[in-house]
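Q: one predicted model, sequence on top.
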Amino acid sequence: MRAACCKATVLGQSNVASDVRLLRVLWPDPGHAPHAGQFFTLRSWGAGEAPFLSRPISVHKWEPETLTVSFLYQIVGQGTEKLAALTEGDFIQLTGPMGNGFDVPAIAEKYQKIALVGGGIGTAPMYQLARELAAAGRQPDVFFGFRDEPYCMEQYRGLAGIVKVSTDSGRFGFHGFVTQLYDPADYDIVLICGPTPMMKNAARLCAEKGTPCLVSLEKKMACGIGACLGCTIETASGAKSVCKDGPVFAGTEVFGWQT
């Protein structure tokens, strides 16, 4: 399905952490409905205004009944600062959904014991993933790591089995790495999104235990459809675009760890 470009209405925005926002938008094109792991490019500024590129942000939650799509994002630069200034009733340009996300029907059919592993703002797409897995009859276990204070964790209760958190500071949850919270050998598959070093280490641990894993990559993008080749990465099967061929890949495909 090709992506659509629409002028969408902001329904609201809330603060979930000091530098993290939850943006809710009315998506006016139900024929282009997103699924877990896909993303949209967001733009609330004019074509001639800085920054030059729209901002790719993953789908945090999709509500088909109300045509509401939610984005959980971190304020890290000029583009996200402008997104953070949006209020109810403002308009925003959305293009999407883009990318090949998690194939939940195939995952739910093949695997029973599923772990979701996230780090920081990389936890954003995991909520929609947990919702779709639960709807498919699979209750995943959730393991998330944060620098200091966790956010948006209460929403997993009722969807997930085990819910555990680690923090770098030790103020909340386990003091250490998120990969210390679980054993990949206990699961049929591990689904991961977060900082690249964390994902690489998690993929390595999965490979050592013989557990398959899927990773959702993040990379700077220009076109979002694979035309500009700006987000090209080297994989075990050659060069691929994160936006078009991903952002979800097998861990062995992008990090080289072999099961």
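A: Happy to help now that I have it.

Q: list phi and psi for Gly145.
A: Dihedral pair for Gly145: phi -120, psi 140, per degrees, to the nearest 10.

Q: show me the longest helix that occurs in the protein.
A: helix 196-209 (DSSP state H).

Q: which parts of it are buried?
A: By neighbour count with 16 or more other CB atoms under 10 Å, helix 196-209 contains the buried residues 198-207. Every C-beta, even on glycine, is put in place using the N, C-alpha and C of the backbone.

Q: strands paired with the helix or strand following it, and their directions?
A: Sequence order places strand 213-216 as the next helix or strand after helix 196-209, per DSSP states H and E. Here strand 213-216 is paired, per DSSP bridges, with strand 189-193 (parallel), strand 248-250 (antiparallel).

Q: looking at the ones you listed, which is buried most?
A: strand 189-193 (a mean of 27; mean count of other CB atoms under 10 Å).

Q: spatially nearest residue to Thr179 (excluding sequence neighbours)?
A: Ala202 (5.4 Å; CB to CB, 6 or more residues apart in numbering).

Q: that neighbour contacts Val190, correct?
A: Yes. Contact status for Ala202 versus Val190: in contact at 6.8 Å, counting by CB atoms under 8 Å.

Q: show me the common contact partners of the two, please.
A: Common contacts of Ala202 and Val190 (CB atoms under 8 Å, 6 or more residues apart in numbering): 117, 184, 213.

Q: can you pick the most crowded of those?
A: Within the shared contacts of Ala202 and Val190, neighbour counts (other CB atoms under 10 Å) peak at Val117, which reaches 31 neighbours.

Q: so what secondary structure elements neighbour the helix or strand encompassing it?
A: Element membership of Val117 [criterion: DSSP H and E] is strand 114-119. In terms of contacts (3 or more CB pairs under 8 Å, 6 or more residues apart in numbering; DSSP states H and E), strand 114-119 is packed against helix 126-135, strand 141-146, strand 189-193, helix 196-209.

Q: can you list contacts of the longest one?
A: The set of residues external to helix 196-209 that reach it, using CB under 8 Å, 6+ apart, is 117, 119, 122, 145, 177-179, 183-185, 190, 192-193, 212-213, 215, 217-218, 251-252, 255, 257-259.

Q: the same query, at a cut-off of 7 Å, please.
A: Contact with helix 196-209 is made by 117, 119, 145, 178-179, 184-185, 190, 192, 212-213, 215, 251-252, 255, 257-259, as judged by CB atoms under 7 Å, 6 or more residues apart in numbering.

Q: show me which of those are buried.
A: 117, 119, 145, 178-179, 184, 190, 192, 212-213, 215, 251-252, 255, 257.

Q: and the furthest pair within those residues?
A: Using CB to CB, the buried ones among the contacts of helix 196-209 span at most 22.2 Å, a distance reached by Gly145 and Thr252.
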